[in-house]
Structure formats: structure tokens, C-alpha cells
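Q: No letters, just coordinates:
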């Protein structure tokens, strides 16, 4: 069995007393000493911070960055404003799903894609195989930590 990957926040989780489990090859917190019900209710009524650093992040940069995104995903992204995020899917030519992902438009020539950790390698390969024009693709997953603030008081 291969060694589990750890996010940049692993030591913080352990110090906070988290119960760590294998989540798709990542050692992730499943709950803290307060218990999963209390955590759930707190998030539902207030807000909680989640470590989602296991997700995979990639950038497309260059004058054809958005044109490439338009060919990769099913939603219209060309009308996004700078700073906007859109949830969408990538599909194979036969219409089945490669993966669902988030498209972050930093600006017209800088796009961030966030995909599921379990599909990381497959998604990188799919994207690289379908690039065209003036665009630079980078897989920045190993250099990025990511948190999500969720709940009505977010």
C-alpha cells in the first residue's frame, strides 16, 4: 500500500485532535473531539472552515486561455467577469463526463481550474491533450493549499 498524502494543514488537524482517515489516498480529518453531529450543526447554523487542499489545481494562461476553457467545459464561460467562479463539467466527445470542476476567471488570460483529487491525473491528461493556440498549462496542485468557508454566516 502506498503512503497517504498529507495536506499542508495536516499538523494543524492533528494538533486540534482530529481523527484522521484515508480519503482517496489523502490523510484527512473526519471529525474533531466535539463530534461530527456538533460540527455539522455548527456549520448549518454558523460557519466552518474546511481543508480542501486535496483538490487539484491547474492554470491556463495566455491569449487563448478562455478559448481553451470554452472548448473543455460544457457551460458558457466566455462571459464571466474577472474574479467570477463557475461550476461546470468537462465531457468526452461521446457526452459522458470526464469530471466536474470549478473555473475561476482571474482575468481574460489567467484561468484557474479546480478538479476532484480522485481524477487529478486523468484530468491533467485530458486537458493537455486538448489544448490549442497560445496557452500555457500548469498543474500547480503541489504548490497550493485550499480552504473552504461554508455555512450561512460565511
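A: Done, it's in. Just so we're clear, the structure is a prediction, and the values are computed from it rather than from any experiment.
Q: Would you confirm that residue 51 contacts residue 9?
A: Yes: the criterion here is CB atoms under 8 Å, and residue 51 meets it with residue 9 at 4.7 Å. Bear in mind the C-beta positions are built from the backbone N, C-alpha and C, glycine included.
Q: quick one, strands of this protein?
A: Assigned by DSSP state E, the chain shows strands spanning 5-6, 19-23, 26-31, 48-51, 56-61, 85-91, 97-107, 110-115, 136-139, 147-150.
Q: Out of those strands, which gets nearest to residue 71?
A: Smallest distance to residue 71 across those (CB to CB): 9.9 Å, for strand 85-91.
Q: The closest one vs strand 97-107, what angle?
A: Orientation of strand 85-91 against strand 97-107 (axes from the mean of the first three to the mean of the last three CA atoms, to 10 degrees) gives an angle of 150 degrees.
Q: What is the burial count for residue 110?
A: 15 (other CB atoms under 10 Å).
Q: Skip the chain neighbours and tell me the closest residue to it.
A: Excluding its sequence neighbours, the residue lying closest to residue 110 (CB to CB, 6 or more residues apart in numbering) is residue 61, at 5.2 Å.
Q: ok, that neighbour touching residue 135?
A: Yes: between residue 61 and residue 135 there is a contact under CB under 8 Å: 6.9 Å.
Q: gap between the two ends of stretch 103-123?
A: 14 Å (CA to CA, to the nearest Å).
Q: any residues touching that stretch, and which ones?
A: 24-26, 54-63, 65-66, 69, 73, 75, 77, 80-86, 88, 90, 98-102, 127, 141, 146 (CB atoms under 8 Å, 6 or more residues apart in numbering).
Q: how far does that stretch sit from the chain's center?
A: Centre-to-centre, stretch 103-123 and its host chain are 7 Å apart (CA atoms, centre = their mean, to the nearest Å).
Q: what mean pLDDT would you report for it?
A: Average pLDDT, stretch 103-123: 95.
Q: and the most centrally placed residue in the chain, bridged to which residues?
A: Central residue of the chain (CA atoms, centre = their mean): residue 114, 3.3 Å from the mean position. Applying DSSP bridges to residue 114 yields these beta-bridge partners: residue 57, residue 102.
Q: and it, how far is that from residue 38?
A: 29 Å (CB to CB, to the nearest Å).
Q: ditto for residue 52
A: Distance of residue 52 to residue 38, given as CB to CB: 21 Å.
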